[in-house]
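Colleague: Got a predicted model here, sequence first, then my questions.
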Number of protein chains: 2
Amino acid sequence: MRERVTMADVARAAGVSSATVSYVLSGKRPVAPETRAAVEAAIEELSFTVDVTARSLRTGRSSLVALIVPDIANPFFAQLAATLQEELRGLGLHVVVCNTRARQDEERALLAEALQQRFAGVIITPFRLNPDDFKPLVDAGMPVVVSADVSFGPIDLVTPDARVATRRALERVAAAQRRRIAMIAGPRDATGGDPRLQHLRAVALQFGMSLPHDLVVRGEHTREAGAAGFGELMNRRYRPDAVFCGNDVIAVGALDKAHELGIDIPGDVALIGHDDASFASLVRPQLTTIRYPAAEVGRAAARLLTERLDGRKVHKTVHVKAEFVARASV
Amino acid sequence: MRERVTMADVARAAGVSSATVSYVLSGKRPVAPETRAAVEAAIEELSFTVDVTARSLRTGRSSLVALIVPDIANPFFAQLAATLQEELRGLGLHVVVCNTRARQDEERALLAEALQQRFAGVIITPFRLNPDDFKPLVDAGMPVVVSADVSFGPIDLVTPDARVATRRALERVAAAQRRRIAMIAGPRDATGGDPRLQHLRAVALQFGMSLPHDLVVRGEHTREAGAAGFGELMNRRYRPDAVFCGNDVIAVGALDKAHELGIDIPGDVALIGHDDASFASLVRPQLTTIRYPAAEVGRAAARLLTERLDGRKVHKTVHVKAEFVARASV
């Protein structure tokens, strides 16, 4: 292997002092644009890379924990962030929230930032990532906790146990004499497949109900997609009388559309959300939903991350119980 | 896989120095048109792209812009974050949202992180900070933009112009035969004083109404504080018939309490929020509010930050017009 290029080599090539190279790298003191350009050119020519470990020792490690989520406007994640803050501040850690807007390029760019040691650790709800995307972080020993319905490889995981809650929801739907259930699910290319859909389908079978493919519509986890999906379902010849939603944001969009179409919820169609975001009790009718307790998820994720920072090497999974919340939309 | 094309390759192909390529890419120094053309041709020929990640590794500069806010659960800030992302991603910058929960120690800790060069720039809505808290950042040349009702010293500022909107709101209140106005304001120790309160009081005087001290109650910018404040006002001997709120989160808390007390909004008491957060149209009755357009604030803040990153030295203030939104709570 070639000898490692040092800062002094860069300084020599650029015709400046090592201190100047250091200023350019740290940004801690202003450097004239032409000097900066010369240094950057020399860095490029010599393929110089910063030794992150040495740097981290010098400057102090990051106190930032990144919470990477697909939708910062979803109150579930705001609550998750608040709990993480509460749990981690005693360790001198600060939580920063990164919004990927469910875009794979943003998700990957943020993992790359983590690899640069900008963060002390990462807690993430992936939307379009694969287990492979996490490998470099795991190899680098970066503490990572995934909060998702499915596993993303040998990584710490916080995941829902929704068996009882889904059964309760279907009992309620059956008691309301509804048989034709439908679902507004996430997009087909979301990673982790369709755990909520598959789970609902499996439990529905136990109740003698089916969830046929043409009563599953798909879209992003947005209010707009919820409205569009609900409109689509109402156009089906075999019109559903109970609609399950991938999350509460989708359900609010469905409510918008029902209002627009003059369809009564729950008189004509029952509506069931997922998460119990803060606005679920603000909308009218108040939303019946499957509660995934953000505070408990946050506490579990904080605990897993803390254990990693303390040196735990094996990965762990924590199951958090979901809960059926009966309000007024069924 | 093909070897990655470097800036040095481009320089060689164009017959110029790497520094010149860097100038063409950054636009930081003028380059002769024919030289620029040669460099651009070489870039084209070699399919050279700037690798932002590699660049940030090389220079040690962060690609993270911190948005520091008092309440991440307030949808106003989620919308602000989304707009900033949209505006800044073309520059290879990522927005991370930091929640201070209106705590001064958290606000200060995050500014300290910024001083450690964890961030390329900071956009902040301070809650309990003073102009002095920003001095070290300004001295260090860190790009900072404040979004607030008042100035925090010689720093870029995005600030509301709510004169017309407040007048409209009071016209509406007067037209509804309301005379006894009250306000649920922020805490006394919030920095920047009480611009929204002072502003309302000044405009109310022009309408021949007063806003006496005993009809001003205070609390944090939370739903709980809104409920408590509304309850307090309803216990006054001189009970108000129109209540203005410091923001929409407070107003939703006031709605909670009105519902609990059996007080009709707007029949018994008119209620006016501030911001037009996404849930303002979700609650019943839909909230009449003073809209502060988060997307416009975001665009203004992104523009100010970008100019700073490009080297602007003098500070600027941008006024964003607020707007009265008449819904059903007056």
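Modeller: Looks like it arrived, so ask away.
Colleague: Point out the residues in the stretch 51-200 of chain A that sit beside chain B.
Modeller: A:55, A:59-60, A:62-64, A:66, A:72-73, A:75, A:78-79, A:81-82, A:85, A:89, A:94-99, A:101, A:106, A:109-110, A:112-113, A:116, A:118 (C-beta under 8 Å from any C-beta of the partner chain). From N, CA and C alone the C-beta is placed, and that goes for glycine too.
Colleague: From those residues, list the buried ones, please.
Modeller: A:62-64, A:66, A:72-73, A:75, A:78-79, A:81-82, A:85, A:89, A:94-99, A:101, A:106, A:109-110, A:112-113, A:116, A:118 (16 or more other C-beta atoms under 10 Å in any protein chain shown).
Colleague: Of these, which belong to helices?
Modeller: A:Pro75, A:Ala78, A:Gln79, A:Ala81, A:Ala82, A:Gln85, A:Glu106, A:Ala109, A:Leu110, A:Ala112, A:Glu113 (DSSP state H).
Colleague: got a list of what the last one touches?
Modeller: When you say that, I think you mean A:Glu113. Shown in contact with A:Glu113 (C-beta atoms under 8 Å, 6 or more residues apart in numbering or on different chains): A:Ala66, A:Phe119, B:Ser63, B:Leu64, B:His94.
Colleague: ok, A:Ala254 touching A:Asn247?
Modeller: No: using C-beta atoms under 8 Å, A:Ala254 makes no contact with A:Asn247, being 11.1 Å away.
Colleague: Kindly provide the distance from A:Val164 to B:Ser151.
Modeller: Counting by C-beta to C-beta, to the nearest Å, the gap from A:Val164 to B:Ser151 is 55 Å.
Colleague: For the nearest residue to A:Glu106 once chain neighbours are set aside, which residues are in contact?
Modeller: Nearest-residue entry for A:Glu106: A:Thr100, 4.1 Å, with adjacent residues in sequence omitted and distances by C-beta to C-beta, 6 or more residues apart in numbering or on different chains. Residues near A:Thr100 by C-beta under 8 Å, 6+ apart: A:Ile68, A:Val69, A:Pro70, A:Glu106, A:Glu107, A:Leu110, A:Phe127.
Colleague: Could you rerun that using 6 Å?
Modeller: Counting by C-beta atoms under 6 Å, 6 or more residues apart in numbering or on different chains, A:Thr100 touches A:Pro70, A:Glu106, A:Glu107.
Colleague: Out of these, flag the one nearest to chain B.
Modeller: A:Glu106 (7.6 Å; C-beta to the nearest C-beta).
Colleague: where's A:Gly229 relative to A:Met183, distance?
Modeller: 9 Å.
Colleague: got it, and A:Asp149?
Modeller: 14 Å.
Colleague: More neighbours: which of those two?
Modeller: A:Met183 (26 against 17; other C-beta atoms under 10 Å in any protein chain shown).
Colleague: Excluding sequence neighbours, find me the nearest residue to A:Ile171.
Modeller: Not quite, residue A:171 is Glu, not Ile. Nearest one to A:Glu171, counting by C-beta to C-beta, 6+ apart, is A:Phe207 at 7.7 Å.
Colleague: Repeat that for A:Leu255.
Modeller: A:Val283 is the one closest to A:Leu255 (C-beta to C-beta, 6+ apart), at 5.9 Å.
Colleague: what sits against the one you found?
Modeller: A:Val252, A:Leu255, B:Leu282.
Colleague: Now name the helix or strand holding the first one.
Modeller: Put plainly, it is A:Val252. helix A:248-261 (DSSP states H and E).
Colleague: helices and strands around that helix, which ones?
Modeller: helix A:223-234, strand A:270-275 (3 or more C-beta pairs under 6 Å, 6 or more residues apart in numbering or on different chains; DSSP states H and E).
Colleague: Of all these, which one is nearest chain B?
Modeller: The nearest among the helices and strands packed on helix A:248-261, by C-beta to the nearest C-beta, is helix A:223-234 at 8.5 Å.
Colleague: Buried residues, stretch A:250-269. List them.
Modeller: Quick answer for stretch A:250-269 (16+ other C-beta under 10 Å): A:250-258, A:263, A:265-266, A:269.
Colleague: Spell out which residues of the stretch 201-330 of chain A are next to chain B.
Modeller: Contact residues (C-beta under 6 Å from any C-beta of the partner chain) of the stretch 201-330 of chain A with chain B: A:Phe279, A:Leu282, A:Val283, A:Arg284.
Colleague: Look up the pLDDT of the third one for me, please.
Modeller: If I follow you right, that is A:Val283. Looking at A:Val283, its pLDDT stands at 87.
Colleague: phi, psi of the closest residue to A:Ala225 other than its chain neighbours?
Modeller: In space, and not counting its chain neighbours, A:Ala225 is closest to A:Gly219: 3.0 Å by C-beta to C-beta, 6+ apart. Dihedral pair for A:Gly219: phi -180, psi 180, per degrees, to the nearest 10.
Colleague: Show the pLDDT at the closest residue to A:Val216 other than its chain neighbours.
Modeller: Nearest non-adjacent residue to A:Val216, counting by C-beta to C-beta, 6+ apart: A:Met183, 5.1 Å away. Note for A:Met183: predicted pLDDT of 97.
Colleague: What would whatever helix or strand A:Met183 lives in look like as CSV? C-alpha coordinates only.
Modeller: Taking DSSP H and E as the criterion, A:Met183 maps to strand A:181-185. Only the C-alpha atoms of strand A:181-185 are listed here, as CSV (Å, rounded to 0.1, in the frame of the first residue of the first chain):
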residue,chain,number,x,y,z
ILE,A,181,-62.7,-4.6,4.0
ALA,A,182,-60.1,-2.6,2.0
MET,A,183,-56.7,-1.0,2.6
ILE,A,184,-54.9,2.1,1.6
ALA,A,185,-51.4,0.9,1.8
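Colleague: Show me the contact partners of it.
Modeller: A:194, A:197, A:209, A:211, A:215-218, A:229, A:233, A:240, A:242-246, A:250.
Colleague: Mean pLDDT per helix and strand in chain A: which one sits at the bottom?
Modeller: helix A:52-59 (a mean of 38; mean pLDDT, DSSP states H and E).
Colleague: since we're on the residue nearest to A:Glu171, how many residues are nearby?
Modeller: 14.
Colleague: State the distance from it to A:Gly246.
Modeller: 20 Å.
Colleague: likewise A:Phe230?
Modeller: 12 Å.
Colleague: which of those two has more neighbours?
Modeller: Using other C-beta under 10 Å, the more surrounded residue of A:Phe230 and A:Gly246 is A:Phe230, with 30 against 26.
Colleague: quick one: contacts for the residue lying closest to the more buried one once chain neighbours are set aside?
Modeller: Among residues not flanking A:Phe230 along the chain, A:Ala254 sits closest, at 3.8 Å (C-beta to C-beta, 6+ apart). By C-beta under 6 Å, 6+ apart, the contact list for A:Ala254 reads A:Gly226, A:Phe230, A:Leu271.
Colleague: go on, A:Phe244?
Modeller: Contacts of A:Phe244 by C-beta under 6 Å, 6+ apart are A:Met183, A:Leu200, A:Ile272.
Colleague: now A:Ala73
Modeller: Counting by C-beta under 6 Å, 6+ apart, A:Ala73 has contacts B:Pro75, B:Ala78.
Colleague: If I look at it, what pLDDT would I see?
Modeller: On the pLDDT scale, A:Ala73 gets 85.
Colleague: how much space between it and A:His221?
Modeller: Taking C-beta to C-beta, one finds A:Ala73 at 10 Å from A:His221.
Colleague: Could you do A:Ala140 as well?
Modeller: Applying C-beta to C-beta to A:Ala140 and A:His221 gives a distance of 30 Å.
Colleague: For the nearest residue to A:Ala41 once chain neighbours are set aside, grab phi and psi.
Modeller: Of all residues not flanking A:Ala41 in the chain, B:Ser18 sits nearest, at 3.7 Å (C-beta to C-beta, 6+ apart). Note on B:Ser18: backbone dihedrals following degrees, to the nearest 10 are phi -60, psi -30.
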